[in-house]
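[1] sequence and predicted structure, then a few things I'm wondering about:
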Amino acid sequence: MATATSVPTQAGPAGEPDGTPARRRRSWRRLPIVHQLGQSVGLQRGMLVAGLVLMGVFLLTALFAPLLAPYEYGQLRDADGLFGAQQPPSGDHLLGTTVGGYDVLSRVIWGSRTALYVIVVAVLLSIVAGVLLGLVSGYFGGWLDRVLVVIADAIYAFPALLLAIIVAIVISGGQSSLWGGILAAAISITVVFIPQYFRVVRAETVRIKSEAFVESARVIGASNRRIMLRHVLRNATRTLPLILTLNASEAILTLAGLGFLGFGIEATEAAEWGYDLQQSLSDVTSGIWWTSLFPGLAIVLVVLGLTLVGESLNDLADPRLRTRRRVADQEPAEEGEVAAVPGGALTRGPAGVGGLGVTVAGERPGTPASAGATGAEPAEGQVAGPDVTGRDGGGTRS
Amino acid sequence: MTTTTTERTGSTADPAGTPDPAPRRRRKGSGGLGSYLLVRFLLIFPTIFILVTTVFFLMRATGDPITAALGGRLPADQLAERIREAGYDRPLFTQYLEYLGNLVQGDFGTTLSDRRPVLEVLTTFGIATLELTVYALIVAFIVGIPLGMLAAYSRDRFPDAVLRVFAILCYATPVFFAGLLLKLVFASGLGWLPVAGRASTGTEIELQFLENPTGFYLIDAFQTGDWDVISDVLEHAVLPAIALGLLTAGIFLRLVRTNVIGTLGTGYVEAARSRGVAESRLLRKHAYRPALIPIITVMGLQIAILLVGAVLTETTFEWKGLGFQLAQYLQARDFVAVQGIVVLLAVIVAVTNFIVDIIAALIDPRVRY
């Protein structure tokens, strides 16, 4: 995920077990993803690499769709005449044609582009809005903070797809051109995601603003804006790459869900996998498999790639779940710390919700969660309870 | 979800992170449960209020429901007439107050497309959704928990790898695609199970003659005492239940795995192991139970996910529940009905979260404030 790379790397490998080369790391090795790739071993590395490969294939497909696709997404005929509806896979149409007479392969390939647009727009919008709101709310506190927290919580508890449906109704009135449809999907997903970024960033901000370096910045007369942007923001964003991958997968599933319920983008405007699946509903009953199988697989593979990356990042950030290197296994110190998180097991575990829960808990001094998390791994302990993904996998569903 | 919700309660009460005197006092006086429950209960109302308000104003931001449903199909003057009759030409805020008033009295409005009270739609079809959700939860428990324990037990070895990929696949697959695949293989392909619907026509007719039908087909089928009817109802339920259940099963699997691994590393398990307790017994008796608590607390979030999943599953399998109905109304552009169903689902989610939080607080004293 390109966006992840731009996030400042605060997640220094403070307690890294591997001794020798750690000190001389070059800066690019500390970038998110690259850093985790170096940190991972065995199965975890395999999952991370598999996820990255899937994401890479997806990105390349989306970028080079015009070159890869044999036909246009809305093309019904070529020099030899109409394609014909529901043609089984053949030399002309490798994956067959749909009930509407489109080429399945072309629509699957073009669909990746639509999905990418939606992810990019949704993630950008929600990060900007969520981070800003969280920063301001956490930094200034007061009644604004209270109101924002209550609203964010209410929206957070709301099933994502339902909210997306309503926003889609508002934005496009239900029928959609390419950009109308993309914006409808992206904005509805944004609305659902803002609370997630808001909560995480706010909790971090509340924690960070009481730290000594913020205090000292204030003493030397730095403005609120400068403190927020230079001192707090950079430290509050280290969990974002994780949430970002997870939300990207949620975005795809929400887009597909909207399309499946009939809020998709019209076939003539763009290719969208959820819409194609909806169209294939009746085919399934009569045993026509190629119209539903391939768009569905496309969704699964993209979400799988994003989830694998997100989940690997999540596990690597959690000392209890990280697969330990052999050397580390023998270090009693690390074992001791891992065992010292019993509170964590409950406080974070259920949280599903996660990392979110953990961070919020962390803001109150002396709770077991904050003690456990910080004790175990100062830099990354807070990144995420096991559950960020738990929540996410779920929300995704929408 | 739950924990967050509770955490939320805390953070709302003291957003600055500086514990003000009030919560500290509460924490000392160990009778915290009562006041926690009260605060948590009161918090339902702003949540529901915000949701209802948001939904109302969003839905009206683009215009009135009548234009949305009939615009372009009626001449302008007739349209204006209909709008005036329904009162949609009054100031938005007046309508909003009236809407809130009606809601409090349990009046969700009347659908535009088939002129039924929304509440009646909700009660008729809600029970079918409930039935599907119950089946899905059963599938999720049966599949998720044992597999999660197995994965934790064989941590970082081959079965663990397979199970983790399986779990990720479970929630990377959109429910409707899972449903379509199941239909392709088991219904239209192998012909073992029915393609769609809640029961075959014969059964539906038979169920209608019951004296007091519940709408929960399995219960009704048992009332008839006819094994053909019971098996027919069950056969129809298998595929939708699996499609929706696997989604949650993946999450349960993951959660059980994570938490069992967590508890396996704790001191008391270590102590039991040093006393020579067998590994399998450690897993079953010592590590497994505490790992289940998170499952209960995550249920709140799962209900929200299941309800949304039900909307999509019902559409896939023509299971005539709230979700199926919602999709129908969406297509008919009947936004009064859509609004009613959405608000009802939101209320269900808010109330379930409350109940789950209470259960969590009863089980684990650390959740309270």
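    Arrived safely.

[2] do you have the helices of the stretch 1-150 of chain A handy? List them.
    Assigned by DSSP state H, counting those that start in this stretch, the helices in the stretch 1-150 of chain A fall at A:2-6, A:34-39, A:42-63, A:65-68, A:104-140, A:142-157.

[3] now stretch B:98-105: buried residues?
    Residues of stretch B:98-105 classed as buried: B:99, B:103 (neighbour count, 16 or more other C-beta atoms under 10 Å in any protein chain shown). Placement of C-beta: from N, CA and C, glycine included.

[4] and it, does that touch chain A?
    No - Stretch B:98-105 is not in contact with chain A by C-beta under 8 Å from any C-beta of the partner chain; minimum separation 15.2 Å.

[5] what's the mean pLDDT across that stretch?
    Across stretch B:98-105, the average pLDDT comes to 81.

[6] extract the CA atoms of it and return them as CSV.
    Output in CSV follows, covering the C-alpha atoms of stretch B:98-105 (Å, rounded to 0.1, in the frame of the first residue of the first chain):
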residue,chain,number,x,y,z
GLU,B,98,-43.5,14.7,14.4
TYR,B,99,-41.4,11.8,13.3
LEU,B,100,-39.8,11.6,16.7
GLY,B,101,-43.2,11.8,18.4
ASN,B,102,-44.5,9.0,16.2
LEU,B,103,-41.5,6.8,16.9
VAL,B,104,-41.9,7.2,20.6
GLN,B,105,-45.4,5.9,20.2
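
[7] still on that earlier bit, tell me which of the helices of the stretch 1-150 of chain A lies nearest to chain B.
    Minimum separation from chain B across the helices of the stretch 1-150 of chain A (C-beta to the nearest C-beta) falls at helix A:142-157, 4.0 Å.

[8] mean confidence (pLDDT) on that closest one, please.
    What helix A:142-157 shows for mean pLDDT is 79.

[9] does any part of that helix sit near chain B?
    Yes - if you take C-beta under 8 Å from any C-beta as the test, helix A:142-157 does meet chain B, through A:145-146, A:149-151, A:153-155, A:157.

[10] of those, grab the buried ones for PyMOL.
    Restricted to buried positions by 16+ other C-beta under 10 Å, the PyMOL selection for these reads:
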select buried, chain A and resi 145+149+150+151+153+154+155+157
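
[11] could you dump the residues of helix A:142-157 next to chain B to a markdown table with distance to A:P195?
    Formatted as a markdown table, the residues of helix A:142-157 next to chain B follow (distance: C-beta to C-beta, whole Å):
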| residue | distance to A:P195 |
| --- | --- |
| A:D145 | 14 |
| A:R146 | 15 |
| A:V149 | 9 |
| A:V150 | 11 |
| A:I151 | 8 |
| A:D153 | 7 |
| A:A154 | 9 |
| A:I155 | 5 |
| A:A157 | 9 |
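
[12] looking at the helices of the stretch 1-150 of chain A, which has the lowest confidence?
    Across those, helix A:2-6 gives the lowest mean pLDDT, at a mean of 41.

[13] at which residues are the strands of chain B located?
    In chain B, no segments count as strands under DSSP state E.

[14] most tightly surrounded among the helices of the stretch 1-150 of chain A?
    A comparison of the helices of the stretch 1-150 of chain A by mean neighbour count, using mean count of other C-beta atoms under 10 Å in any protein chain shown, puts helix A:104-140 on top with a mean of 23.

[15] any idea how far chain A is from B:V233?
    Distance of B:V233 to chain A, computed by C-beta to the nearest C-beta, to the nearest Å: 20 Å.

[16] could you count how many residues lie near that residue?
    24 (other C-beta atoms under 10 Å in any protein chain shown).

[17] hang on, it packs against B:L218?
    Yes - judged on C-beta atoms under 8 Å, B:V233 makes contact with B:L218 at a distance of 5.6 Å.

[18] out of the residues of helix A:142-157 next to chain B, who's nearest B:F335?
    A:I155 (20.0 Å; C-beta to C-beta).

[19] the closest one against A:P195, yeah?
    Yes - using C-beta under 8 Å, A:I155 is in contact with A:P195, at 5.0 Å.
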